[in-house]
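Chemist: Predicted structure and sequence below. I'll ask about it afterward.
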Amino acid sequence: MFPFGRSGATRSAGAVHRSGPTQSPRGPADRDEADVILAAPAHLRGCRALAEDVLGNALGMTTPTPTAGLALVTGASSGIGLELARQFVDHGFDVVVVAEDDAIGTAASELRSGSREVTHVQADLTDPKNVERVWAEVSALGRPVTAAALNAGVGVGGALADTPLERHLEIVDLNVRSTVHLTKLLVDQMVANGEGRILITSSIVAVAPGPYHATYAASKAFVHSFAEGIRHELDGTGVTVTSLMPGATDTRFFERAGMQDTPVARGPKDDPADVAKEGYAALMEGRPHVRAGSLKNAVMAELGAHLPDVIGARVGAAQAKPGGADPASLKQTVMSEIGHLPQRVGSLVGAVGSRVRR
């Protein structure tokens, strides 16, 4: 539908825009010369490829480099999503980038190069109809999606009692429902084709309760478990699923979630380009998950996975409570909770033993 050499193709309906490789215009004399050569008798047709190469160089036409496939990236207007899209482009993929804000057009312009086709779709994925519209636009390209990064997500900071219900339902609709919806569409196509790779952005907060951003943390726990579960189901199909688990990253997340006045927002953050690079590598390697970013992220994720939830919740609260302590105090809180762990484990073992003896 969009062959190599078509440049600047744009469709305004539905906020879908496509741009592909460009070539220099040909004048009438050039066109006549090309037509004569390419219409050579049958016994000269073996030279057609050579003639095309020669003419392409002579007339300023560019030959596109082979594509690695078609990639779909959501939440791609900034931050980790934009950097993931950049990884795909840099590795030879044509891309479809999706986001709900106007900045997706600017992001697409940044991603475009002479040999890669970039399509951007502006769509609010909290609406199931828009998920279907995005898939229809992807399908209209007439090419299977070979890789996807489902990165669209939103958060809200503060206690549940102090924040509007609609903000929490938006998290469920975008982070959870749209992820399941798009994943199902992708999996059906990829399994039928016998190949595909899906990256789902979770978070290190998925491993423990998350007070003061409880709905967000729960949504990330859901998509991480979802990714790991369907990965097992898809074993042997040629389709892999990878969970990307970043920590605090230098994006607009904290501003959008209203979490600027929290210890985690005031502390050090990872570069989204570094997170995306690690995520892309894990996706291509077919790994089950990757705890991207600093060593601190790996340590916190490992602790959260093994600490009892009551302790994990205290650590999470210390990081996300509005107006909470500074990062130095947070470190003391974490170390204090870890220090009390043996005593709590001992009490737990004793309680279990008493119940067994009964």
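Modeler: Received the coordinates, thanks.
Chemist: Number of residues surrounding the closest residue to residue 269 other than its chain neighbours?
Modeler: Leaving aside its sequence neighbours, residue 269 sits nearest to residue 250 (Cβ to Cβ, 6 or more residues apart in numbering; 4.2 Å). Glycine gets a C-beta too; all of them are placed from N, C-alpha and C. Neighbour count of residue 250, defined by other Cβ atoms under 10 Å: 16.
Chemist: ditto for the one 10 residues further on
Modeler: Neighbour count for residue 260, taken as other Cβ under 10 Å: 12.
Chemist: That one and residue 96: what is the separation?
Modeler: Separation of residue 260 from residue 96 (Cβ to Cβ, to the nearest Å): 32 Å.
Chemist: Could you do residue 142 as well?
Modeler: 13 Å.
Chemist: the more surrounded of those two?
Modeler: Ranked by neighbour count (other Cβ under 10 Å), residue 142 and residue 96 place residue 96 first, with 28 against 9.
Chemist: beta partners of that one?
Modeler: residue 72, residue 119 (DSSP bridges).
Chemist: That one and residue 120 touch, don't they?
Modeler: Yes - Residue 96 is in contact with residue 120 according to Cβ atoms under 8 Å; the separation is 7.5 Å.
Chemist: and residue 206, which of the three is it?
Modeler: Following DSSP: H, G, I helix; E, B strand; the rest coil, residue 206 is assigned to helix.
Chemist: quick one: pLDDT of it?
Modeler: With respect to pLDDT, residue 206 scores 93.
Chemist: again with residue 5
Modeler: Here, the pLDDT recorded for residue 5 equals 30.
Chemist: how about the helices in the stretch 151-300 of the chain?
Modeler: 165-171, 178-193, 214-233, 253-257, 263-266, 272-285, 295-306 (DSSP state H, counting those that start in this stretch).
Chemist: typed the wrong thing, it's the stretch 1-150 of the chain
Modeler: So, for the stretch 1-150 of the chain - with DSSP H, counting those that start in this stretch - the helices run 28-38, 48-58, 79-90, 103-111, 128-140.
Chemist: buried sites along the last one?
Modeler: Residues of helix 128-140 classed as buried by neighbour count (16 or more other Cβ atoms under 10 Å): 130-131, 133-135, 137-138.
Chemist: average pLDDT across it?
Modeler: 98.
Chemist: residues in contact with that helix?
Modeler: When contacts are defined by Cβ atoms under 8 Å, 6 or more residues apart in numbering, helix 128-140 is touched by residues 1, 14, 16, 70, 72, 74, 96, 98, 119, 121, 123-125, 145, 177-178, 181-182, 185.
Chemist: same thing with the shortest one?
Modeler: Taking Cβ under 8 Å, 6+ apart as the criterion, the residues outside helix 103-111 that touch it are 17, 19, 76-78, 82, 85-86, 89, 95, 97-99, 118-122.
Chemist: for the third one, same thing?
Modeler: Counting by Cβ under 8 Å, 6+ apart, helix 79-90 makes contact with 68, 71, 73-76, 95, 97, 99, 107, 110-111, 113, 116, 118, 147, 149, 151-152, 199, 201, 244, 246, 249, 251-253, 272-273, 275-277, 279-280, all of which sit outside it.
Chemist: if I look at residue 234, how far off is residue 72?
Modeler: Taking Cβ to Cβ, one finds residue 234 at 17 Å from residue 72.
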